[in-house]
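J.: turn this into a model:
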Amino acid sequence: MKNYYLLLIVILPSACSTTQPPAPIQDRIATAAPESLPPAVTPPLVTPPAGPVAGSLAERPDTQAFIREMTNRHGFNSQELYAVFSRARTQPSIIAAMNRPAEAKPWYAYREIFLTPKRIQGGVQFWRANRAALARAEQTYGVPAEIIVAIIGVETSYGGNMGKYRALEALATLAFDYPRRADYFRKELENYLLLTRQEGIDPLAVKGSYAGAMGLGQFMPGSYLRYAVDFDGDGHRNLWSNPVDAIGSVANYLSKNRWQPGEPVTTRALVSGWQYQELISRKAQPPTRTVLSFQQQGVMPERVVNDTQKAILLEFQESDSSEYWLGFDNFYVITRYNQSPLYAMAVYQLGRTIRENVGQA
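T.: Model prediction:
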C-alpha cells in the first residue's frame with residue numbers, strides 16, 4: 001500500500017464547484033487586466049497534521065462502518081484510515097452551500113457570473129499559453145478548443161478558484177449528513193480514497209469545492225478515475241497544477257460522453273403561435289425531436305440546420321422577456337459535465353466569445 005502522506009498536488013485558495021460557481025465578480029472596467037494563471041509546478045511534500053481533532057469523523061459510528069467496508073472491500077489498513085478520519089470533521093457550511101445552487105438563478109443573472117471581461121480575457125490568455133495542447137486535444141478527441149477552455153474557465157477561472165474545502169471533509173459531510181444524495185457521495189468518498197492511494201496523495205491535503213470536485217476542471221473522484229489522462233506523458237495525471245493534463249482530461253470526458261465532432265451545439269430560435277410552449281424542455285435530456293418537427297410547431301432555427309437533426313427546445317429567462325434556443329446532441333454532452341442547461345449555455349457562449357477574441361490577435 002502506498003504511503004498516504006505523499007503529496008503530488010499544490011492547491012490554490014478560494015472556492016468553485018461544478019454545482020455552484022463563485023459569487024459574481026464586479027469587473028471594474030471592460031479592459032481589466034486578465035487574471036493570472038496558476039504556474040505549472042511540482043507540488044512540495046507536506047507534513048500531515050499531528051493528532052486527532054475534537055469531534056472528529058473517526059468518532060462517528062457511520063464513519064467506523066465505512067472504514068470497515070473499505071478495509072474489507074479494498075484492503076485498506078483500518079488503523080491508517082482511522083488516523084486520517086481522526087484529523088477531519090464534518091463541515092455544516094457545505095450543507096448550506098448545497099442548498100443554494102447558482103443554477104437556481106434566472107439566466108440573465110447566471111450569465112453575469114461567467115461572461116465577464118475578466119473571465120473572457122483570462123480565457124484568451126489561457127488559450128495562448130496552451131495553444132499546442134488545445135490543438136492536440138481537439139485533434140485527438142474532436143472537442144473544440146473553445147469548449148475545453150470555457151469549461152475550465154467556468155469551473156475554476158483557469159485555476160484561480162479550485163476550492164477551499166478539504167476534499168475528504170466535503171465528501172464525508174455529504175456522505176454522512178446529506179441524506180438526499182448520501183449514496184452518491186458515499187461512493188465518491190470511496191473513489192476519493194482509492195484515487196489518493198493510487199496516486200500516492202495525502203487524503204487530508206487535497207482541497208476542492210464544497211461538493212468534493214477537484215482540480216482545474218473540477219473532476220469528482222469517480223470522474224478523475226475514469227476520465228483523467230496523462231496528456232503530457234510524464235507518468236502522472238495531475239489536474240491541479242498541470243494545464244496540459246487538465247485540457248486532455250476535459251476533452252476525454254466529453255469524448256467518452258459521445259461528443260460528435262463537427263456537429264452543432266445550439267442555435268437561437270424564433271417562436272410563433274402557442275404550440276411551442278408544450279415543447280419546452282425544463283431540464284437537460286437527450287434530443288429526440290427533429291428540427292423539421294419543431295418547424296412544424298412554430299419553432300424556426302436562426303441558422304441553417306439539417307431538418308433531421310435532433311434537438312430540444314430550451315427557454316432562457318431575460319430580465320423582461322425570454323429567449324429560445326434549440327439544443328443538439330453536443331449541448332446535451334456538455335450537461336453531462338453539469339446537468340444544468342444554464343451551465344451548458346454559459347460554456348457555449350463563453351467559449352465563442354473567447355475564440356472571437358483569440359482570433360483578433
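J.: from here on, just use CA atoms for contacts and neighbour counts.
T.: Fine.
J.: for the lengthiest strand in the chain, which positions count as buried?
T.: Assignment by DSSP state E gives strand 310-317 as the longest strand of the chain. For strand 310-317, the neighbour count (16 or more other Cα atoms under 10 Å) marks 310-316 as buried.
J.: same list (those) but as TSV, adding pLDDT.
T.: Converted to TSV, the buried residues of strand 310-317 look like this (pLDDT from 0 to 100):
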residue	pLDDT
K310	97
A311	98
I312	98
L313	98
L314	97
E315	97
F316	97
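J.: give the contact list for R289.
T.: Residues near R289 by Cα atoms under 8 Å, 6 or more residues apart in numbering: 310-312.
J.: tell me where the stretch 51-200 of the chain has strands.
T.: Using DSSP state E, counting those that start in this stretch, the strands of the stretch 51-200 of the chain run over residues 165-166.
J.: where does it dip in pLDDT?
T.: 51-54, 102-103 (pLDDT under 70).
J.: same question, the stretch 251-361 of the chain
T.: 360-361.
J.: strands of that one, residue ranges please.
T.: Under DSSP E, counting those that start in this stretch, the stretch 251-361 of the chain gives strands at 266-271, 289-290, 299-301, 310-317, 322-327.
J.: between those strands, which one is nearest to V358?
T.: Ranking the strands of the stretch 251-361 of the chain by proximity to V358 (Cα to Cα) places strand 266-271 first, at 21.3 Å.
J.: neighbouring strands - and their directions - for the closest one?
T.: In the sheet, strand 266-271 lines up against strand 299-301 (antiparallel), strand 322-327 (antiparallel) (DSSP bridges).
J.: out of those, which is closest to R282?
T.: strand 322-327 (12.1 Å).
J.: could you check the angle strand 310-317 makes with the closest one?
T.: Put simply, strand 322-327 runs at 160 degrees to strand 310-317, going by axes from the mean of the first three to the mean of the last three Cα atoms, to 10 degrees.
J.: quick one on the thing from earlier: how about the strands of the stretch 251-361 of the chain in a markdown table, adding distance to L342?
T.: Putting these into a markdown table (distance: least, Cα to Cα, whole Å) gives the following:
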| stretch | distance to L342 |
| --- | --- |
| strand 266-271 | 13 |
| strand 289-290 | 21 |
| strand 299-301 | 19 |
| strand 310-317 | 8 |
| strand 322-327 | 12 |
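J.: among these, which is nearest G359?
T.: Closest to G359 of those is strand 266-271 (Cα to Cα; 21.2 Å).
J.: OK, contacts around the residue lying closest to K207 once chain neighbours are set aside?
T.: The shortest distance from K207 to any non-neighbouring residue, by Cα to Cα, 6 or more residues apart in numbering, is to R166 (4.3 Å). Taking Cα under 8 Å, 6+ apart as the contact definition, R166 lies against 204-208, 212.
J.: would you list the buried entries among these?
T.: Buried among these by 16+ other Cα under 10 Å: 204-208, 212.
J.: mind checking which of those residues land in strands?
T.: Per DSSP E, these map to strands at 207-208.
J.: re the thing from before, what is the nearest of the contacts of R166 to A135?
T.: Distances from A135 to the contacts of R166, taken as Cα to Cα, are shortest for G208 (27.8 Å).
J.: mind checking pLDDT for the closest one?
T.: With respect to pLDDT, G208 scores 96.
J.: hmm, back to that, out of the buried ones among the contacts of R166, who's nearest R128?
T.: G208 (26.0 Å).
J.: any idea what that closest one is bridged to?
T.: Y165.
J.: who's in contact with A284?
T.: Each residue near A284 by Cα under 8 Å, 6+ apart is listed here: 332, 335, 339-341.
J.: I'd like those laid out as TSV, including neighbour count and distance to A109.
T.: Formatted as TSV, these follow (neighbours: other Cα atoms under 10 Å; distance: Cα to Cα, whole Å):
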residue	neighbour count	distance to A109
Y332	26	22
T335	22	19
Q339	18	18
S340	21	14
P341	24	14
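J.: and the furthest pair within those residues?
T.: The span of the contacts of A284, defined through Cα to Cα, is set by Y332 and S340 at 9.7 Å.
J.: now the residue in the chain sticking out farthest from the centre: how far from W325?
T.: Distance from the C-alpha centroid of the chain, by Cα atoms, centre = their mean, peaks at G273 (37.7 Å). As defined by Cα to Cα, to the nearest Å, G273 lies at a distance of 16 Å from W325.
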